[in-house]
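Enquirer: Got a sequence here, can you build the structure:
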Amino acid sequence: MKPITVPDKCAEFDELFVVSDLHLGGEPGLQLFAAGEEFDCWVTEIVLPALRPKRGRRPRRVAIVINGDFVDFLADPEARSANAPFFNPDLARRMLPRLVADPNSAPVFSALRQFVQEPGASLIITLGNHDLELAVPGVQRQLLDLIALNDHDARGRIQLRMEENGFICRVGSEAVWCVHGNSDDPWNRVDRRELESAVAASSAEAGKSGWKPNPGTQLVMQMLNHVKADYRFAELLKPENQAVPPLLLMLAPEHRLRIESALGAVAFKIRNSLKSWFTSLLGAEECLQMSGRPAAEQPALELLCAMLCRPHDSFRFDADSDAAELLFRAHSSTVAKLQHPQRGRLAGGQPRPFSRQGQGSSSSAGSGTNEERLLGWWKAFVRASGSGTETEVIQAFLEELQQYRGFDETSPCDTQYRAFAEDFGDVALSQPGNSDPVIRFPSVVITGHTHQARASLPLGRYAEAMYFNSGTWAQVMRIPPEVISDPRELEALVKKLRQPGNAELMNDGHLVWSPKTYVRVQTGAQGKAVAELKAFGEPGIMP
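Expert: Numbering: from 1, shown residues only. The predicted structure follows:
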């Protein structure tokens with residue numbers, strides 16, 4: 001997202017605690033959030049003591065920011081029905097009271113209720129992509145009542161910030177920007193005008209809103225919700241868009257048709273992210289017209305052309321074809337032509353048009369090589385087309401996935417961070433020689449969304465701003481590199497992934513855990529904001 005300009009007047013705090021992605025809700029036994037008691041202890045032991053005045057000074061101002069995906073309306077069992085609407089305020093109204101009574105999430109509401117009763121406390125809730133129904137005024141009123149009860153003063157200490165830009169405030173002499181981050185994710189970007197229309201239709205009781213969800217929502221409701229009871233890794237393994245569909249294709253053939261149908265969202269995502277540069281680089285239509293191509297390659301080329309040139313909602317995979325294989329073949333043949341341009345000559349002996357537009361550039365923090373952009377996680381299917389065993393195919397895929405380094409909090413190999421770094425590329429927070437600069441842009445940017453914590457990554461022309469991701473309190477899954485490299489351990493892991501109910505997998509603390517991470521921002525020396533990524537309790541951040 002483009003850097004937000006700091007308003008002249010905004011909330012000021014002595015201390016800020018930022019969490020995100022609690023994902024409260026879901027069917028008992030299939031809930032992502034399982035840290036209610038720990039959250040209560042965190043508020044009691046860490047947050048509330050920060051409100052106490054130090055050495056007779058004035059009362060302190062402390063805020064908790066829940067930075068998106070506070071609740072997960074997509075996880076409710078009702079969302080699995082065949083005709084369930086993608087935007088469902090009625091479901092949200094029924095679900096919120098159940099959360100307060102659920103033993104898993106009740107401690108969260110109890111802790112927040114205790115917090116907002118304190119003078120100097122502020123609770124800020126921003127909008128994510130799994131709790132869009134919180135944008136509906138009636139749902140907001142219900143949430144406020146459940147947290148504040150009948151305490152008018154407590155209710156005044158709660159802010160619901162549903163804007164796309166999230167929430168911005170000051171800590172000391174610097175600005176802090178809290179935003180969920182899904183706007184920089186092509187899978188989960190929300191069309192705010194469509195959301196406003198859906199909210200208006202709901203408020204007017206005009207029936208169905210006609211909401212057209214993003215690919216990430218489609219993936220959750222059309223695939224993940226239907227397979228997670230048997231394959232829990234489908235919603236635990238991160239990054240899910242790169243990891244889950246191909247792994248499910250290899251491990252869950254009984255769900256093949258459902259997976260292939262949901263892969264229509266993959267086509268939409270690829271089409272949006274590649275069309276602008278791919279067509280200038282190779283020319284999708286020209287792929288189909290190129291002479292001398294084997295007839296066997298035509299289905300792959302036609303699929304690729306359809307992905308790039310047709311509206312996603314009118315495109316469907318052929319249930320009789322292997323969508324994953326076709327996608328891989330299309331991508332691999334394209335990369336082969338990139339690596340060997342002479343193979344792409346036309347019948348007349350003239351070289352194919354070749355533009356370097358869209359190639360990786362050192363000036364763009366989000367750029368990579370064309371091969372990396374085109375292949376992505378489909379590279380794993382290289383061995384599938386040969387004579388490799390099933391374990392070797394899975395091993396190749398997981399080795400490819402390791403490049404994302406999902407739980408290394410110091411790694412810049414993070415697509416969301418790269419998007420922010422690119423947008424902040426020309427921003428200078430202060431001017432040399434100006435002893436009292438005007439604060440124009442935030443010095444600390446805190447996101448969520450990916451469930452992957454990040455700490456102190458530089459932003460801006462002079463690296464004056466810092467990027468953080470507060471991670472998650474929901475359960476996540478990580479496959480250690482040593483398991484991937486050892487065939488025996490990998491075979492044992494595959495058995496766990498296929499085990500009905502996944503009980504052994506869910507009880508393995510080396511694979512599944514709740515990070516319980518948060519970002520704490522305090523006023524440091526000379527009024528500077530000092531931000532730290534922390535984990536509450538054990539095991540905390542995985543190495």
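Enquirer: Val521 - that's part of a strand, no?
Expert: Yes: counting by DSSP: H, G, I helix; E, B strand; the rest coil, Val521 is part of a strand.
Enquirer: mind listing the helices in the stretch 51-200 of the chain by residue range?
Expert: Using DSSP state H, counting those that start in this stretch, the helices found in the stretch 51-200 of the chain span residues 89-101, 106-116, 137-148, 152-156, 192-203.
Enquirer: Redo these as TSV? Include mean neighbour count, mean pLDDT and distance to Thr523.
Expert: C-beta: built from backbone N, CA, C; applies to glycine. Formatted as TSV, those follow (neighbours: other Cβ atoms under 10 Å; pLDDT from 0 to 100; distance: least, Cβ to Cβ, whole Å):
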stretch	mean neighbour count	mean pLDDT	distance to Thr523
helix 89-101	17	95	34
helix 106-116	20	98	20
helix 137-148	18	96	27
helix 152-156	13	96	24
helix 192-203	16	87	33
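Enquirer: how about these in a markdown table, adding distance to Met223?
Expert: Output for the helices of the stretch 51-200 of the chain, formatted as a markdown table (distance: least, Cβ to Cβ, whole Å):
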| stretch | distance to Met223 |
| --- | --- |
| helix 89-101 | 19 |
| helix 106-116 | 28 |
| helix 137-148 | 26 |
| helix 152-156 | 39 |
| helix 192-203 | 22 |
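Enquirer: which ones are touching Gly524?
Expert: Going by Cβ atoms under 8 Å, 6 or more residues apart in numbering, Gly524 touches 172, 530.
Enquirer: Grab the nearest non-local neighbour of Ala465.
Expert: Spatial nearest neighbour of Ala465, excluding adjacent residues (Cβ to Cβ, 6 or more residues apart in numbering): Leu459 at 3.9 Å.
Enquirer: For that neighbour, give its distance to Val176.
Expert: Distance of Leu459 to Val176, given as Cβ to Cβ, to the nearest Å: 13 Å.
Enquirer: These two - which one has more neighbours?
Expert: Val176 (29 against 26; other Cβ atoms under 10 Å).
Enquirer: Identify the bridge partners of the residue lying closest to the more buried one once chain neighbours are set aside.
Expert: Sequence neighbours aside, Val444 is the residue nearest to Val176 in space, at 4.5 Å (criterion: Cβ to Cβ, 6+ apart). Going by DSSP bridges, Val444 is paired in beta bridges with Val176, Met466.
Enquirer: With Thr472 as the reference, name the closest of the helices of the stretch 51-200 of the chain.
Expert: Smallest distance to Thr472 across the helices of the stretch 51-200 of the chain (Cβ to Cβ): 13.7 Å, for helix 106-116.
Enquirer: got the angle between that closest one and helix 89-101?
Expert: 90 degrees (axes from the mean of the first three to the mean of the last three Cα atoms, to 10 degrees).
Enquirer: what comes into contact with helix 106-116?
Expert: Contacting residues not belonging to helix 106-116 are listed as 22, 24, 36-37, 39-40, 42-44, 47-48, 64, 99-100, 121, 123, 146-149, 151, 154-155, 157-158 [Cβ under 8 Å, 6+ apart].
Enquirer: if we go to 6 Å?
Expert: Residues outside helix 106-116 that contact it (Cβ atoms under 6 Å, 6 or more residues apart in numbering): 36-37, 39-40, 43, 100, 121, 123, 147, 154, 157-158.
Enquirer: okay, it in CSV with CA atoms only?
Expert: In CSV, the C-alpha atoms belonging to helix 106-116 read as follows (Å, rounded to 0.1, in the frame of the first residue of the first chain):
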residue,chain,number,x,y,z
ALA,A,106,-14.7,-16.6,25.9
PRO,A,107,-11.4,-15.7,27.8
VAL,A,108,-10.6,-13.3,25.0
PHE,A,109,-13.8,-11.3,25.5
SER,A,110,-13.3,-11.4,29.2
ALA,A,111,-9.8,-10.0,29.0
LEU,A,112,-10.8,-7.3,26.6
ARG,A,113,-13.8,-6.4,28.8
GLN,A,114,-11.5,-6.0,31.7
PHE,A,115,-9.0,-3.9,29.7
VAL,A,116,-11.6,-1.3,28.4
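Enquirer: Would you confirm that the residue nearest to Ala465 contacts Ile446?
Expert: No: Leu459 is beyond contact range of Ile446, at 11.5 Å (criterion: Cβ atoms under 6 Å).
Enquirer: tell me the contacts of Asn502?
Expert: Taking Cβ under 6 Å, 6+ apart as the contact definition, Asn502 lies against Arg232.
Enquirer: where along the stretch 401-543 of the chain do the helices fall?
Expert: Along the stretch 401-543 of the chain, counting by DSSP H, counting those that start in this stretch, helices occupy 415-423, 481-485, 487-498, 503-506.
Enquirer: Pick the most buried one from those helices.
Expert: Of all the helices of the stretch 401-543 of the chain, helix 415-423 carries the top mean neighbour count, a mean of 20, counting by mean count of other Cβ atoms under 10 Å.
Enquirer: CA atoms only for stretch 138-149, dumped as CSV, please.
Expert: Below are the C-alpha coordinates for stretch 138-149, written out as CSV (Å, rounded to 0.1, in the frame of the first residue of the first chain):
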residue,chain,number,x,y,z
GLY,A,138,-25.6,-3.8,13.1
VAL,A,139,-22.7,-6.3,13.5
GLN,A,140,-20.5,-3.5,14.9
ARG,A,141,-23.1,-2.6,17.5
GLN,A,142,-23.5,-6.2,18.6
LEU,A,143,-19.7,-6.6,19.0
LEU,A,144,-19.5,-3.4,21.0
ASP,A,145,-22.3,-4.6,23.3
LEU,A,146,-20.6,-8.0,23.8
ILE,A,147,-17.3,-6.4,24.8
ALA,A,148,-18.4,-3.3,26.8
LEU,A,149,-21.7,-4.7,28.1
